[in-house]
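# What follows is a predicted structure for the sequence shown.
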Amino acid sequence: MKKIVPDPPLSQNPNPLVTTPYFSIHCDLIPPDSLAFASELLRGIHETTDEFCRAHANEPGQGMLVNVLHSAEMARALVEHALSKLQAMDRGVMP
């Protein structure tokens, strides 16, 4: 039996619409700056999630959002710790 609709041509690129990355990191970005930017991104996640949790208290899925909130808090604490250690090393003070 002959097919009514032929198979589409095979594409070398599975997603031909995406040709450039949406986000890239400059190769000269130094670790302290990377950590500072990451800390600010995590602060934004924390503030946005916290505000949403307060506005939608007692709704289904609240526990998952609170988990995101706590994870962002812990990740930011780790980043801040790494930043403080790097700054102490730069000053020659290693606790």
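Nice, thanks for sending it over.
# Only C-alpha atoms from now on, for both contacts and neighbour counts.
Fine.
# and the helix or strand E47 falls within, what does it pack onto?
In this structure, E47 is located in helix 31-55 according to DSSP states H and E. Helix 31-55 sits against helix 62-91, with contacts defined as 3 or more C-alpha pairs under 8 Å, 6 or more residues apart in numbering; DSSP states H and E.
# sorry, back to before: what residues sit buried inside the helix holding E47?
Using 16 or more other C-alpha atoms under 10 Å as the test for burial, helix 31-55 gives 32, 35-36, 38-39, 42-43, 45-46, 49-50, 53.
# do the same with stretch 84-91
Neighbour-count burial for stretch 84-91 [16+ other C-alpha under 10 Å]: 85-86.
# tell me the mean pLDDT for that stretch?
Average pLDDT, stretch 84-91: 87.
# And stretch 59-73, by the same measure?
Computed over stretch 59-73, the average pLDDT equals 88.
# contact partners of it?
The contact list for stretch 59-73, computed with C-alpha atoms under 8 Å, 6 or more residues apart in numbering, reads 42-43, 45-46, 49-50, 53, 56.
# Most widely separated two among the residues you listed?
L42 and H56 (20.8 Å; C-alpha to C-alpha).
# and the helix holding E47, how far out from the chain's middle?
9 Å (C-alpha atoms, centre = their mean, to the nearest Å).
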